[in-house]
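**Student:** Fold the following, please.
(chains A, B and C)
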Amino acid sequence: MIFSKREPLLIFAGFVALILASLPVVGAPESWLVYLFLFFIYLAMANMWNLLAGYAGLISLCQPAFLGLAGYAMTVGTWVGIPWWIGLIGGGIVAAVFALAISTAVFRLSGVYFAIGTLVVPEALRMVFYLWRPVGGQMHGAGAGYMVKGIGDLSGDVIYWLALVVALSSVVLMRLILRSELGLGLAAIRDNERSAASSGINIFKLKLYTFIIAAAVTGLAGGVFYLNQGYVEPTATFNVKWTMTLLLATVMGGLRTEEGPILGTIVVVVLYFLLARYGGYSFLIQGLILIGIMLLSPQGIIGLLRRLHLPAAGRVRGF
Amino acid sequence: MGSVDVFTPVLMGIMLGGLYALIALGLSLVFGVMRLINLAHGDLVILSSYISYAIFTYLAVDPILGLVITIPFMLLLGFLIQKYILGRGFAISSETPLIIAFGISLVLQNLNQILWTPLSRGLNTSYSHMSFFIGERQFPVSYLLAFLAGIVVMVGLRAFLTRTYMGRAITAASQDKRAAQLMGINTNRIYGYAFAIAMGAAAVAGVFLGMTFPFTPTSGISFLTIAFGTVVIGGLGSMLGTFLAGIILGLSQTLGGYLFGSASQMLIVYVLVLAILAIRPHGLLGR
Amino acid sequence: MTDETILKIENIDVFHGTFQALWDVSIEVKRGEMLALIGANTAGKTTLLDAVSGLRHPSKGSIQFEGEEIGFLDPYQIVELGITQVPEGRSVFPDMTVLDNLLIGSYAASARKRKAENLEKVYDLFPRLEERKRQVAKTLSGGEQQMLAIGRGLMADPKLMLIDEISLGLAPIVIDEIFRALHKIKATGITVLFVEQNVNRTLKEADRAYILERGRIALSGATADLRENQEVKRAYFGVDTCEVK
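**Tutor:** Numbers count the residues shown, from 1 in each chain, chains lettered A, B, ... in the order given. Below you'll find the model as predicted:
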C-alpha cells in the first residue's frame, strides 16, 4: 500500500475529490467550474512537466506538441466517425507515439541542447497544421481549425468529471512512479549519472519511458481540454504559452516536489483569474513572476515553506 | 522575384545567410562563454527591431544611423540582464538560467505586444525596397545590406576577440573558466561584457532584419530557431563556421521555397535543424 | 631565501560542499624559497592551492600574503597581489595561440606594464615557446604545454608562484628541463610552492616540504631532514623504490 503511512492525508484527499466531483450536481456557479476545469487540466500537465524536468532532468519545451497532437487526433477522429471517447484515448496514444518518434532526435541532445531541440518541435507542428488539412474543410482560427463533431449530447458536467479524473490520475501516477523502480532509477541518475550508469541503470531507457508517459498523460489532458473548447486550431494550440503556464505552475509550487505542482497550479489559475482582464499584461506579469521565483526561491513555495519550518532538514538543493 | 531560374534563390539564400549568421553571432558568443542557450535571444533581436522602428517612426532617424542609439541601449540592457538576472541564476543551478531566459523571452514578447500591438511591422526606409539587378534578375537592396552588415560585424567581432585584452579574456573564459580566473580575469564581469557584446550584435541584427522581413512580437522564436540552427551547423568558436552555416540555412530556405512553395520554407528550415540535431548533435562543422 | 614570511596559512578548514577537504592546516612560506607539498591523490593539495588562489574560501582560519589577509578575496584580486597558479593538467587555453596564451597571462593590471619584459624572460627560459608562438596551444606536446602554462604564469609578474602537479604525465627528460627552469625562476627572486607526486624527486629539488595526509599536515621540515626521516622512508620510499633499493 503506497498510502499506508499517510492515511489521514488519503482520507482528506478523498474528501476533497468528492467535494470537487459533486460541485456540478449541487449547482456551483458556472465560473467556479470553469476555473476548476482549467485547474485540473493544468495540474495534470504540470505534474508531467515536473516529472520530466524535476525528476528526469529533461527540460522539455515541447509539451504543446503532445497536447496539440492529441487534441487534433481526437477532433479529426470525430470527422471520420470515431467517437470522441475513443479519440480521447487515441490522442494519448498518438502523443506517446510521437514522443517515441522524436526521441531519436532530441534524446541525443543533453541539457540545454535538449531544451532548444524540443522548443523547435511545436513550432514545426504549428506550420504543418497550418498548411495541412487532414480532413479538408476550414472551420476556425486562421483557416486551419476544426470543430469537434458529434458532441452535442455531451454535457459540460461530464467533461468536468473527465478533467477531474485525469488530474487525480496524474497525482496518483506521480506517487506510483516515484516509488517504482522507474522513480528510484531516476533518483539514482539525478544523484550521480555516472555511477548510476556504471551500476547497470539504463539511463536512456528510463528517461525515454518517462518522456513517453508524460506525453501520453499530457495528451489525455489536452484531449479533454479541446473536448471542452469544441474546436482546435494551430496557432493557440502549438503555442509556447502552454509551456509557460506549465513551467510557471511547477516552478512556482516547487520543482521536484510532489506537492509543488498542486500548489503552483492553484496560484496559476488564481493569477489567470485575476489577470484575465489585463489581457497582454497577464503573460508579462507571469514571466516576471517566473524570473523572480527562480532567483528568490528556486524551490518555489514548497521550498520557502520548508526553509521556514525545517531550517536544518529542508536544506534547499539546487535542482 | 522576376526570374524563375535557380540563380535567383541561390544568391538570395547566400545573402540571407549573412543575415542569419549575424543573428546567430550573439547566441553563439553567449553559448560559447557561458554554456547557456539564451532562449530570449530571438526576442532580444526583435526588441532591437522595434527600438529601431520607434527611432525611425517617431524621430525620423534612419535605422542604420539609429544604431548609435540602439547599440548602446542593447549593450547596457545585455550587461544588466547578465549582471542582475542571469548571473545570479548561474549561482543557483545550471538549469536556472535557462528557465529564466525563457521567462525573459515571454516578458519581451508580451512587452512588445503591449507597446507596439501584434500587427506586423517593418523598417520601410526609402532604400529598403529598392532593387539591384544582375542581368534580368532583380534582388532587394535590403538583402545585400544585411549580408554586408553580417560580414562587417563578424570581422569586427573577430578582431575584438583576438586583438584586445577584453576580447582575449572572453575567449579564455569560454575555453577554460578556472584557468581564466587564475589569470586574474574577473569571470563574472567578463560574462557581463560578453552578454553585452552579444546584445550589441543583436542590435545590428535587429535593424537589418527589420529592413529585410516584416516582424511581429512573436517573431523571436523563428529567429531563435534560425540562430540555434546556425550554431548547431556551424559549431562553436568558429566565425567562418557560423558564416557558412548561416548560408546553408539561408539556401535551404530560399531553395526550399523555390522547390516547394514559399509557404513551407520556414518548415524546411525547422525540419533541417531537427534532422541535423538527430544526426550530428554537436554540429556539422563543429569539433 | 630570507627569513621573511611571504605567505602564512593559519589553521584553515576548507569544505567542498559538505565534504571537509582541509582540517586545521597551517603552512608558512618564506620569501625566495622553493617549497613542496607532498601527498596522495585526495590529500587536499589542490584544495590548498585553490584556497590561496581564492577559488575556494576557508570556513575557518586565515591566509595572509605579505601580512595582509587574503582568505576572502576573489581569484582576480589575488592575481593582482602577485600570486599566480599554474593549474593541474596544464589547462592552457587550447584554441588560442601560444602567444595569446602568454599575453592573457599578463591580464592583471599589475602585470600589463611589464608585459614586454616578462615575455622576453619567458622566451629566454623556454626558447621553444618562441619558436612555436603562432601555434595553437592544443597542438603542443605535453611538456611544451607545461612550459607554456608556467610561462603564462610568469607573465602575471608574480611574487609567489603556485604550481600544481608539475610532472604529471611528462617524460623524465622533460621533467628535468622543467625543474631546471624552476630553479632559474627561483633565482630571479620568485617564491615557488609546488605540488608533486614523486616524493623522491621532490625531496631533492625543494628546500622544504609539507606532507599532507587526508586533509591534515602530517609532517614538515627541510627536505634534507625529511629524506632521513624514518616515517617518510616507510610511508613513501617503500612504494617509490627507484632509488632506495
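**Student:** buried stuff in the lengthiest helix in chain B?
**Tutor:** Counting residues, the longest helix in chain B under DSSP state H turns out to be helix B:7-34. By 16 or more other CB atoms under 10 Å in any protein chain shown, the buried positions in helix B:7-34 come out as B:8-9, B:11-34. No exception for glycine: its C-beta is placed from N, CA and C like everyone else's.
**Student:** Give me the contact list for the helix ranked longest in chain C.
**Tutor:** For chain C, the longest helix by residue count, based on DSSP H, is helix C:172-187. With CB atoms under 8 Å, 6 or more residues apart in numbering or on different chains as the test, helix C:172-187 has contacts from C:32-34, C:125-126, C:142-143, C:146-147, C:150, C:154, C:161, C:163, C:166-167, C:170, C:192, C:194, C:201, C:205.
**Student:** and the angle for the helix or strand harbouring B:Asn110 with helix B:7-34?
**Tutor:** Using DSSP states H and E, B:Asn110 maps to helix B:96-116. Angle, helix B:96-116 to helix B:7-34, by axes from the mean of the first three to the mean of the last three CA atoms, to 10 degrees: 130 degrees.
**Student:** so what does helix B:96-116 touch, helix or strand wise?
**Tutor:** Judged by 3 or more CB pairs under 8 Å, 6 or more residues apart in numbering or on different chains; DSSP states H and E, helix B:96-116 is in contact with helix A:240-253, helix A:281-296, helix B:41-59, helix B:87-92, helix B:220-234.
**Student:** Direction included, what does the helix or strand just after it pair against?
**Tutor:** Reading on from helix B:96-116 to the C-terminus, the next helix or strand found by DSSP H and E is strand B:131-134. If you go by DSSP bridges, strand B:131-134 pairs up with strand B:137-140 (antiparallel).
**Student:** Next secondary structure after the strand it pairs with?
**Tutor:** Toward the C-terminus from strand B:137-140 - assigned by DSSP H and E - lies helix B:141-163.
**Student:** ok, now how distant is B:Ser93 from A:Ile59?
**Tutor:** 11 Å (CB to CB, to the nearest Å).
**Student:** Which residue of these two possesses the greater neighbour count?
**Tutor:** Ranked by neighbour count (other CB atoms under 10 Å in any protein chain shown), B:Ser93 and A:Ile59 place A:Ile59 first, with 21 against 16.
**Student:** In a helix, the more buried one, correct?
**Tutor:** No: secondary structure of A:Ile59 (DSSP: H, G, I helix; E, B strand; the rest coil): coil, not part of a helix.
**Student:** Quick check, it in contact with A:Tyr113.
**Tutor:** No: counting by CB atoms under 8 Å, A:Tyr113 is not a contact partner of A:Ile59; they are 10.1 Å apart.
**Student:** Check whether B:Ile64 really touches B:Val207, as I assumed.
**Tutor:** Yes: at 6.5 Å, B:Ile64 counts as touching B:Val207 under the criterion of CB under 8 Å.
**Student:** ok, those two, which is more surrounded?
**Tutor:** Using other CB under 10 Å as the criterion, B:Ile64 and B:Val207 rank with B:Val207 on top: 30 against 19.
**Student:** does the more buried one sit in a helix or strand, and which one?
**Tutor:** Per DSSP H and E: helix B:187-212 holds B:Val207.
**Student:** so what secondary structure elements neighbour that helix?
**Tutor:** Using 3+ CB pairs under 8 Å, 6+ apart, helix B:187-212 is in contact with helix B:7-34, helix B:41-59, helix B:67-80, helix B:87-92, helix B:141-163, helix B:165-175, helix B:177-182.
**Student:** Where among those is average confidence lowest?
**Tutor:** Here the lowest mean pLDDT among those goes to helix B:87-92, at a mean of 89.
**Student:** what does that one rub up against?
**Tutor:** With CB under 8 Å, 6+ apart as the criterion, helix B:87-92 contacts A:294-295, A:298, A:318, B:34, B:36, B:96-97, B:99-100, B:188, B:191-192.
**Student:** now the helices and strands packed on helix B:96-116 as TSV including distance to A:Ala46 and mean neighbour count?
**Tutor:** Formatted as TSV, these follow (distance: least, CB to CB, whole Å; neighbours: other CB atoms under 10 Å in any protein chain shown):
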stretch	distance to A:Ala46	mean neighbour count
helix A:240-253	4	26
helix A:281-296	13	19
helix B:41-59	24	23
helix B:87-92	21	17
helix B:220-234	22	26
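**Student:** Export those as CSV, with columns for distance to C:Gln64.
**Tutor:** As requested, the helices and strands packed on helix B:96-116 are exported to CSV (distance: least, CB to CB, whole Å):
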stretch, distance to C:Gln64
helix A:240-253, 44
helix A:281-296, 36
helix B:41-59, 46
helix B:87-92, 28
helix B:220-234, 46
